[in-house]
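>>> coordinates for the following, if possible.
(4 chains)
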Protein chains: 4
Amino acid sequence: MQEDRRRDVLKRLSYIEGHVAGIRKMVEEDKYCVDILRQTYAVRKSLEKLERIVLEGHLRTCVPDGIKGNREEAVIQELVQLYDIAGNR
Amino acid sequence: MQEDRRRDVLKRLSYIEGHVAGIRKMVEEDKYCVDILRQTYAVRKSLEKLERIVLEGHLRTCVPDGIKGNREEAVIQELVQLYDIAGNR
Amino acid sequence: MQEDRRRDVLKRLSYIEGHVAGIRKMVEEDKYCVDILRQTYAVRKSLEKLERIVLEGHLRTCVPDGIKGNREEAVIQELVQLYDIAGNR
Amino acid sequence: MQEDRRRDVLKRLSYIEGHVAGIRKMVEEDKYCVDILRQTYAVRKSLEKLERIVLEGHLRTCVPDGIKGNREEAVIQELVQLYDIAGNR
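Predicted coordinates:
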């Protein structure tokens, strides 16, 4: 991953860790389920944003490099798999 | 939340925190993007499983109680909202 | 379903049928995959909008009626199932 | 699209059209909302399956061709966009 992208991703991961710790505290304090769900959805949204950033980096570097090098089949296979896993299929 | 459910949810949240910390370490060590994405997808799946457990608890307790009490409008409105937020719409 | 809601849903379903027929024509004419995918995503979004309308009607009528009547267990079970199916889980 | 893939996609699109027409009939006959939702979810699942097939074709042909030709920037930009649209982001 390019350095800028990596720093951005690390910052987002720290934020997500803190967010999950906050939700754990909400559950310990027996907060209202609906408020807990709103927070877990927000974490999922943050994760999706982060995945988009990692994927864009992958598409802009590893994918063209792999295809111009000799990893074409492997690179494409991985992209198909990522799409399947992302959709929980 | 019922006590059993709460303990289950807390265990899952601790696990998710550890998983996110593990992903942060992978990014620090500059692991392959595709392996990082596989792990973030797994975290998202764990979150969805956890949400299902919280939502099921909510549907089995707060929703019937609210509808039989006098919070019908509020309870239904919250469910519609949760559906919208869950789908990022 | 209430009459207004039903008419809205029927209009949306006709529109979706036409949209899918249009995509079929695109495939027959061998259009670019990316343009085809953009259209299938739009159809999926229209379906999600429609589901939200049907679900909202269900939450506002059948769910409170069922819970105040004696279908509480069945109604809640269905909502849990819908959530699972919606998420393809 | 390769001929086999195209024929498969066309068959799936005809099936989806018929499925949507069937749902329209269910709504006209005022069937139970939950049964209607089960069917719309099934259609969405069929669409996702179809998209996966179209995308796999795209990844296996247009993407490597574009990257080895001189459409690298455009091809990657499209993949990033598809990922965004697919997730309704």
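>>> what about A:Lys11, neighbour count?
Each residue near A:Lys11 was counted by other C-beta atoms under 10 Å in any protein chain shown, and the total is 11. Heads up, the C-betas are built off the backbone N, CA and C, glycines and all.
>>> cool, the one 5 residues further on as well?
A total of 25 residues lie near A:Ile16 under the criterion other C-beta under 10 Å.
>>> can you give me the pLDDT of it?
Per-residue confidence for A:Ile16 comes out at a pLDDT of 98.
>>> surely it meets B:Val20?
Yes. Counting by C-beta atoms under 8 Å, A:Ile16 sits close enough to B:Val20 to count as a contact (5.5 Å).
>>> which residues touch the residue positioned nearest the centre of chain A?
Relative to the mean C-alpha position of chain A, the nearest C-alpha, by C-alpha atoms, centre = their mean, is the one of A:Glu51, at 3.0 Å. By C-beta atoms under 8 Å, 6 or more residues apart in numbering or on different chains, the contact set of A:Glu51 is A:Ala86, B:Leu37, B:Thr40, B:Tyr41.
>>> how about the residues of chain A near chain B?
For chain A, the residues in contact with chain B under the definition C-beta under 8 Å from any C-beta of the partner chain are A:1, A:6, A:9-10, A:13-14, A:16-17, A:20-21, A:23-24, A:27-28, A:30, A:32-34, A:36-38, A:40-41, A:43-45, A:47-48, A:50-51, A:54-55, A:57-58, A:62, A:78, A:82, A:85-86, A:88.
>>> buried ones among those?
With neighbours counted using 16 or more other C-beta atoms under 10 Å in any protein chain shown, those contain these buried positions: A:1, A:6, A:9, A:13, A:16-17, A:20, A:23-24, A:27, A:33-34, A:36-38, A:40-41, A:43-44, A:47-48, A:50-51, A:54-55, A:57-58, A:62, A:78, A:82, A:85-86.
>>> just the residues you listed: which are in helices?
Applying DSSP state H to these, the entries found in helices are A:6, A:9, A:13, A:16-17, A:20, A:23-24, A:27, A:33-34, A:36-38, A:40-41, A:43-44, A:47-48, A:50-51, A:54-55, A:57-58, A:62, A:78, A:82, A:85-86.
>>> how about the helix or strand of chain A with the lowest mean pLDDT: buried residues?
Across the helices and strands of chain A, the lowest-confidence element by mean pLDDT, DSSP states H and E is helix A:72-86, at a mean of 88. Using 16+ other C-beta under 10 Å as the test for burial, helix A:72-86 gives A:Glu72, A:Val75, A:Ile76, A:Glu78, A:Leu79, A:Leu82, A:Tyr83, A:Ile85, A:Ala86.
>>> does A:Ala21 really touch B:Ile16, like I thought?
No. Using C-beta under 8 Å as the test, A:Ala21 is too far from B:Ile16 to be in contact (10.0 Å).
>>> for A:Ile67, which non-adjacent residue is spatially closest?
Ranked by C-beta to C-beta, 6 or more residues apart in numbering or on different chains and with sequence neighbours excluded, the top spatial neighbour of A:Ile67 is D:Ile67, at 4.7 Å.
>>> how close does that neighbour get to chain C?
For D:Ile67, the distance to chain C under the criterion C-beta to the nearest C-beta, to the nearest Å works out to 14 Å.
>>> what sits against that residue?
D:Ile67 is in contact with A:Val63, A:Pro64, A:Ile67, A:Lys68, D:Val75, D:Ile76, counting by C-beta under 8 Å, 6+ apart.
>>> list just the nearest of those to chain C.
Proximity of the contacts of D:Ile67 to chain C, judged by C-beta to the nearest C-beta, is greatest for D:Val75, which lies at 9.1 Å.
>>> close enough to count as contact, the closest one and D:Gly66?
Yes. The pair D:Val75 / D:Gly66 is scored as a contact, 3.6 Å apart, by C-beta under 8 Å.
>>> pull the most distant pair out of the contacts of A:Glu51.
The largest separation in the contacts of A:Glu51, counting by C-beta to C-beta, is between A:Ala86 and B:Thr40 at 9.4 Å.
>>> give me every residue in chain A lying close to chain D.
Taking C-beta under 8 Å from any C-beta as the criterion, the contact residues of chain A with chain D come out as A:48, A:52, A:55-56, A:59-60, A:63-64, A:67-68, A:72, A:76, A:79-80, A:83-84, A:86-87, A:89.
>>> hey, C-alpha coordinates of stretch A:61-79 in PDB?
The C-alpha atoms that make up stretch A:61-79 are tabulated as PDB, following Å, rounded to 0.1, in the frame of the first residue of the first chain:
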ATOM      1  CA  THR A  61      -1.200  -0.900  -8.000                       C
ATOM      2  CA  CYS A  62      -1.200  -4.700  -7.600                       C
ATOM      3  CA  VAL A  63      -3.800  -5.400 -10.300                       C
ATOM      4  CA  PRO A  64      -2.100  -3.600 -13.200                       C
ATOM      5  CA  ASP A  65       1.300  -4.800 -12.000                       C
ATOM      6  CA  GLY A  66       0.100  -8.400 -11.700                       C
ATOM      7  CA  ILE A  67      -1.600  -8.300 -15.100                       C
ATOM      8  CA  LYS A  68       1.400  -6.800 -16.900                       C
ATOM      9  CA  GLY A  69       3.700  -9.200 -15.000                       C
ATOM     10  CA  ASN A  70       2.700 -12.900 -15.100                       C
ATOM     11  CA  ARG A  71       0.200 -13.100 -12.300                       C
ATOM     12  CA  GLU A  72      -2.900 -12.300 -14.500                       C
ATOM     13  CA  GLU A  73      -4.800 -15.500 -13.700                       C
ATOM     14  CA  ALA A  74      -4.100 -15.200  -9.900                       C
ATOM     15  CA  VAL A  75      -5.000 -11.500  -9.800                       C
ATOM     16  CA  ILE A  76      -8.300 -11.900 -11.600                       C
ATOM     17  CA  GLN A  77      -9.200 -15.000  -9.500                       C
ATOM     18  CA  GLU A  78      -8.600 -13.000  -6.300                       C
ATOM     19  CA  LEU A  79     -10.900 -10.100  -7.600                       C
END
